[in-house]
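>>> Give me a 3D structure for the following:
(chains A and B, ligands or ions: 3)
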Amino acid sequence: MAETVTLTIDDRQITAPKEMVVIEAARRAGIEIPYYCYHPYLSIAGNCRMCLVEIEKAPKLQIACSIEVTEGMVVHTGSKNVLDARAGVMELLLINHPLDCPICDQAGECRLQEYSLAHGSGTSRFEHEKHHGRKNVDLGRHIVFDEERCIKCTRCVRFCDEVSKTGELALLNRGDETIIGVFPGHRLDNAYSGNTVDICPVGALTLKEFRFRSRVWFLEQTPSICPGCARGCNVTVWAREDRIYRFTPRENPEVNKVWMCDEGRLSYLPLVARERLLEPLMDGEPVRLQDAVDRAANLLGGVGERAPRVGVVASPRATLEDLALLRRLCEATSATDGIPRFERGEDDDLLIRKDKTPNLAGARLLGFERPAAEVLREAAEGKIDVLYVMDEDLFSPAADSDEGDLARRAARKVRALIVHASFRDRVPSQAAVVLPAAVYGEYEGTYINFEGRAQRVRASMRRAGRSRTHLAILSAVAQRAGWGEWAREPSDVWKEAQALAAPLSGIGYDDVGTDGVMITGKGESG
Amino acid sequence: MSEPILLANIGEPDSQTLEKYRSSGGYEGLRRAISDMSPADVVEEVKKSGLRGRGGAGFPTGVKWGFVPKDSSKPRYFICNADESEPGTFKDRLLMEQDPHAVLEGIIIGSYAIGAREAFLYIRGEFADSYRAMAAAIDEAKHASLLGMKILGSSYSLEIHLFRGAGAYICGEETGLMESIEGKRGHPRLKPPFPAAVGLFGCPTNINNVETVANVPLILRKGAPWYAEIGCERNTGPKLYCLSGHVKRPGVYEAPLGVRLHDLIYEHAGGMWRQGLKLKAVIPGGSSTPVLRADESDIDMDFDSVAKAGSLLGSAGVIVMDETACMVDSLLNILKFYAHESCGQCTPCREGCNWLVKIVRSIEDGKGKSADIDLVENVAGNIMGKTICPLGDAVAMPAQSFVRKFRHEFEEHVRLKGCPLKGAH
Ligand SMILES: Cc1cc2nc3c(=O)[nH]c(=O)nc-3n(C[C@H](O)[C@H](O)[C@H](O)COP(=O)(O)O)c2cc1C
Ligand code: SF4
Ligand code: SF4
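Ligands and ions are numbered 1, 2, ... in the order given. You can find the predicted model right below:
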């Protein structure tokens, strides 16, 4: 336990760790001190002056974001001096602000808007020409900047200096001509640039992919996990009417602090852009789900002499629960199995992992270790009769040439190919049965990140068309194949996963919670 | 008028040379410090002298030196602040141009006292002559073993870096200056931590004004008791006063701290520049300090007395205004300077300075309303004491004092829809 001190804030006795700043100590006690430039994951700039408070014995007001608590300190956050100072700062922040809230994308999550209601005077005494700035400045691949709305809090600058460590942004000019800008010849194009939009307290920085798409208050928020890579950044999924509009990072000090990378942030875009497979196919023709499941069960079924040689390719993008049932299918059919890798680039020292899938560690926990290529090679060599593939992207021309090539050769060679597919574009024409699978955002379950942290991914929309979750498809097949009644709810399947993977024992489905939980068996260790 | 001490060399031929400086006792103080005294003794001596910083705030120099930790594992730095940019102030450049060795000796003694192995002299960008004179002095001192490795044969070594600013007033603020040396924008830092603990490049740092360090050799040469006799209680030593404005002989004058302001104006500077025109106002300590009306201005010019009179000694830039000066226009002129020099970092100063300019300009141009007069005071109040660095106060203090003390002139502008003194100068 760190050393603590006792202080008084607004007549309340508060105990706080030494070296904590007053603004945090107050927040913990439920006393909100307003601020713009302060950010718990960035260095202290102290420039907005919104958090001025009165500290007894200090000669003047102090900023609560940089003053550390001391024993016996007495703080007033609502005295007349403080309220006047705050109203003064609010007024000064607004004199050169365009007040264009009705057309501003930040409306609904703008601190300037919130605080002017709470702390402003409601009228302006500024009767001169406002300082005009550039609108719609194209700062980077994803970022648009509105100079007039910027309050120069430097959060974005500090982010690029301290977090992404790319340093593209700076303050330029002086006095009330101060602006944020990029160095000549540079753009705000780092792999994490979208975070500047999240931390911009006003509508100065907006994300090209989200601006003007929707007012935020129309969107429903679901806590979930980014599927973009093995880090598993905690995110909030913003959706409406079965469509995802954006991802924003959700705080988890253990995983991603409050950040996420641009690629992950935009990883929902293909979900919207690619054409969904909405119904089952048999030999390329739409059929009833029941018929497709029957056919799959038939192809996999058979005993003794008539038992087909089955090969299964799992997906590191499926949930732990999906994969638990797939493991059972492997057992029921004595299948050989493998798992593909979807890797690109390199791990960086912030968040990004080269493994572009969210659950490889979970798949390994359930015994999916062999490279998919081995299974595919056997299939291509005619050693496998029925190939069961959980993720159609295996066949993608974009996938690693080796695996993609082998997969396409295997598809031509095997007697029957069964595929779970969410989109139409990559399904091989040879597939005997294609089962429409739910996509990210439509299912719930568990991912295990590269560090061995189990995290809960949640549904934020209804399944499209007649698509089903992987585990629903698998238990339907099992039932038709006569392998018994398999659980269909993730929370029930969790128990089956526990039976298959010892490190999960003692952890309940609900123990995973919104912050995740470390499981004892290490995941991928590097 | 007493004999000049600080300016003793100045005006003499070759005053800037080492030979000339040594001929009148130059570097004797350094010799005494290094050969007879420990660094702690030097700090003690300067404490006893009562020397207070000449950079504006009047902070006791010896006490400041004492704040630099002795046991830090990091290097310690000594900085001499030669950014002199406060309007009305032009004393430091005189010392650097004409008596550079006095400045240099002070820096070396101060560096020895705090245990610095490196010192920086940050010179305002426009001061080309000061730069040349200081660079030449450093060269001479190095050749004479007064600087560099093993000074005067002792075990103490010191390197001095000359650093030229790029013309920003804010780089005179001590932490803005350090950022500038580090190669960044001159943005003042939050305090605490104070430079004595975390200064230049994150290391313990002491910073003093040029005139402050120029006093140090005298103290070491002639002793603290001798020094403490000059001036008045708690305000010891000789002081340079910069007289400008409507006086006959503007310039730098030396007098002991506590000299009468009217003596400076009417004797040293020869009185008002035009016959029959009376004194209206005096800004006693550089343009950032509160203005005094003529009837308030017969005061002692030391830190405490000027503070008691409601202003500040500041950098002792005495700006004298006669009846032809329009107080609204004068304030506008001051405000424009600070609005231009605001670093733009913190809200009240960034936004407030130029707002004040806009309001006061509209009053001066005859477009003001009477509510605008209160607004000036009020907006200044929203800046005062609420900013990262004292530049906020530097704009608020003149704004508030001009309006409070010359309110009738502001009202007259509103009533007459214009400036009654336009063209009167
Ligand atoms: C805006 C601003 C500008 C300043 N400019 C100067 C300057 O040009 N020269 C100077 O010596 N001190 C200047 N100061 C004061 C310095 O911050 C610092 O207090 C001083 O150099 C300390 O020296 P001293 O202790 O010898 O007085 C300035 C302060 C502020 C707030
Ligand atoms: S763009 Fe946003 S985050 Fe950056 S300084 Fe301006 S207001 Fe702050
Ligand atoms: S008071 Fe002015 S000059 Fe000082 S830090 Fe703030 S904006 Fe910069």
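>>> Point me to the residue of chain A nearest ligand 1.
residue A:174 (12.6 Å; CB to the nearest ligand atom). Using the backbone N, CA and C atoms, a C-beta is placed for each residue, glycine as well.
>>> what about that residue, how many neighbours?
Other residues lying near residue A:174 total 20 when counted by other CB atoms under 10 Å in any protein chain shown.
>>> Enumerate every residue touching it.
By CB atoms under 8 Å, 6 or more residues apart in numbering or on different chains, the residues touching residue A:174 are B:168, B:170, B:340-344.
>>> can you check residue A:302 too?
Contacts of residue A:302 by CB under 8 Å, 6+ apart are residue A:308.
>>> so residue B:60 sits right up against residue B:48, yeah?
No: applying CB atoms under 8 Å, one finds residue B:60 not in contact with residue B:48, separated by 10.6 Å.
>>> what about the residue of chain A closest to ligand 1, distance to ligand 2?
Using CB to the nearest ligand atom, to the nearest Å, we find residue A:174 at a distance of 15 Å from ligand 2.
>>> What parts of chain A come near ligand 2?
Counting by CB under 6 Å from any ligand atom, the positions of chain A adjacent to ligand 2 are A:150-156, A:180, A:199-202, A:204-205.
>>> Which of those residues has the largest number of neighbours?
With neighbours defined as other CB under 10 Å, the most crowded of the residues of chain A next to ligand 2 is residue A:205; it has 32 neighbours.
>>> about what we covered before: now, which of the residues of chain A next to ligand 2 sits nearest ligand 3?
Top of the list for closeness to ligand 3, among the residues of chain A next to ligand 2 and by CB to the nearest ligand atom, is residue A:152 at 9.4 Å.
>>> For the closest one, give me its contacts.
Going by CB under 8 Å, 6+ apart, residue A:152 touches A:47, A:171, A:178-180, B:344-345, B:347, B:350.
>>> can you count the residues close to the closest residue to residue A:85 other than its chain neighbours?
In this structure, residue A:85 finds its nearest non-sequential neighbour in residue A:52, 4.6 Å apart by CB to CB, 6 or more residues apart in numbering or on different chains. Residues near residue A:52, counting by other CB under 10 Å, number 26.
>>> Now do residue A:52 against ligand 2, distance only.
18 Å.
>>> I figured that residue was touching residue B:388, is that so?
No: under the criterion of CB under 8 Å, residue A:52 is not in contact with residue B:388, lying 11.7 Å apart.
>>> Which pair of the residues of chain A next to ligand 2 spans the longest distance?
Across the residues of chain A next to ligand 2, the longest distance by CB to CB is 13.7 Å; it joins A:152 and A:199.
>>> so how many other residues sit close to residue A:81?
15.
>>> follow-up on the earlier one: need the contact list for the residue nearest to residue A:85.
Counting by CB under 8 Å, 6+ apart, residue A:52 has contacts A:61-64, A:82, A:85-86, A:89, B:386.
>>> Kindly report the same for residue A:207.
Residue A:207 makes contacts with A:142-144, A:194, A:197, A:246, A:265, as judged by CB under 8 Å, 6+ apart.
>>> Okay, strands next: where are they in chain B?
Counting by DSSP state E, chain B has strands at residues B:77-82, B:118-123, B:159-164, B:205-209, B:231-232, B:235-236, B:238-245, B:251-256, B:259-260, B:279-283, B:292-293, B:300-301, B:317-322.
>>> Can I get these in a markdown table including mean pLDDT, distance to residue A:132 and mean neighbour count?
Output for those, formatted as a markdown table (pLDDT from 0 to 100; distance: least, CB to CB, whole Å; neighbours: other CB atoms under 10 Å in any protein chain shown):
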| stretch | mean pLDDT | distance to residue A:132 | mean neighbour count |
| --- | --- | --- | --- |
| strand B:77-82 | 98 | 37 | 28 |
| strand B:118-123 | 98 | 36 | 24 |
| strand B:159-164 | 97 | 35 | 16 |
| strand B:205-209 | 98 | 39 | 25 |
| strand B:231-232 | 96 | 53 | 18 |
| strand B:235-236 | 98 | 50 | 23 |
| strand B:238-245 | 98 | 37 | 23 |
| strand B:251-256 | 98 | 44 | 20 |
| strand B:259-260 | 98 | 50 | 20 |
| strand B:279-283 | 98 | 34 | 25 |
| strand B:292-293 | 98 | 40 | 18 |
| strand B:300-301 | 98 | 46 | 22 |
| strand B:317-322 | 98 | 35 | 25 |
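>>> With distance to ligand 2 added, can I get these in a markdown table?
A markdown table is the format used below for the strands of chain B (distance: least, CB to the nearest ligand atom, whole Å):
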| stretch | distance to ligand 2 |
| --- | --- |
| strand B:77-82 | 30 |
| strand B:118-123 | 28 |
| strand B:159-164 | 29 |
| strand B:205-209 | 29 |
| strand B:231-232 | 48 |
| strand B:235-236 | 44 |
| strand B:238-245 | 39 |
| strand B:251-256 | 43 |
| strand B:259-260 | 48 |
| strand B:279-283 | 36 |
| strand B:292-293 | 40 |
| strand B:300-301 | 44 |
| strand B:317-322 | 35 |
